[in-house]
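S.K.: predicted coordinates and the sequence they were generated for:
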Amino acid sequence: MVLEIVELEEGGLAIRNPDSQSSEPMIKVNFSDEIKEKLNDQYLDVAKVMLTAGIQMMADTGLNLADSAEEEVVEHTIH
């Protein structure tokens with residue numbers, strides 16, 4: 001499966017399947033303006049590492065990322 005990292009209109013970065021009919025990204029990363037300023041252009045590198053780690057963890061759990069079947073999304077609060 002080929003995935004791409006894209007910059008979203010609101011300024012965040014995301015991973016998506018370029019062949020997917022869904023416009024919803026698989027994973028999104030957003031940085032505050034303050035953090036972007038502190039990291040300069042390095043925020044892109046940080047985001048790439050975070051997104052890549054997220055995909056790797058999903059793959060390690062055995063999740064088939066190529067599966068197009070709709071799955072119910074359950075939200076959890078993390079403290």
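M.R.: Alright, I've got the coordinates.

S.K.: check contacts around Leu3.
M.R.: 15-18, 26, 55, 65 (C-beta atoms under 8 Å, 6 or more residues apart in numbering). C-beta: built from backbone N, CA, C; applies to glycine.

S.K.: per-residue confidence at it?
M.R.: Residue-level confidence at Leu3 comes out at 84, pLDDT.

S.K.: and it, backbone torsions?
M.R.: phi -120, psi 150 (degrees, to the nearest 10).

S.K.: mean confidence for stretch 52-67?
M.R.: Stretch 52-67 shows a mean pLDDT of 79.

S.K.: ok, now stretch 14-33?
M.R.: Taken as a whole, stretch 14-33 carries a mean pLDDT of 85.

S.K.: and which of the contacts of Leu3 is nearest Glu34?
M.R.: The shortest gap between Glu34 and any of the contacts of Leu3 belongs to Ile15, at 24.1 Å (C-beta to C-beta).

S.K.: wouldn't that closest one be in contact with Gly54 here?
M.R.: Yes: assessed by C-beta atoms under 8 Å, Ile15 is found in contact with Gly54 at 7.3 Å.

S.K.: which neighbours do the two share?
M.R.: Ile27.

S.K.: the more surrounded of the two?
M.R.: For Ile15 and Gly54, the more surrounded residue by other C-beta atoms under 10 Å is Ile15, and the numbers stand at 22 against 15.

S.K.: can you give me phi and psi for Asp41?
M.R.: When quoted as degrees, to the nearest 10, the phi and psi of Asp41 stand at phi -80, psi -10.
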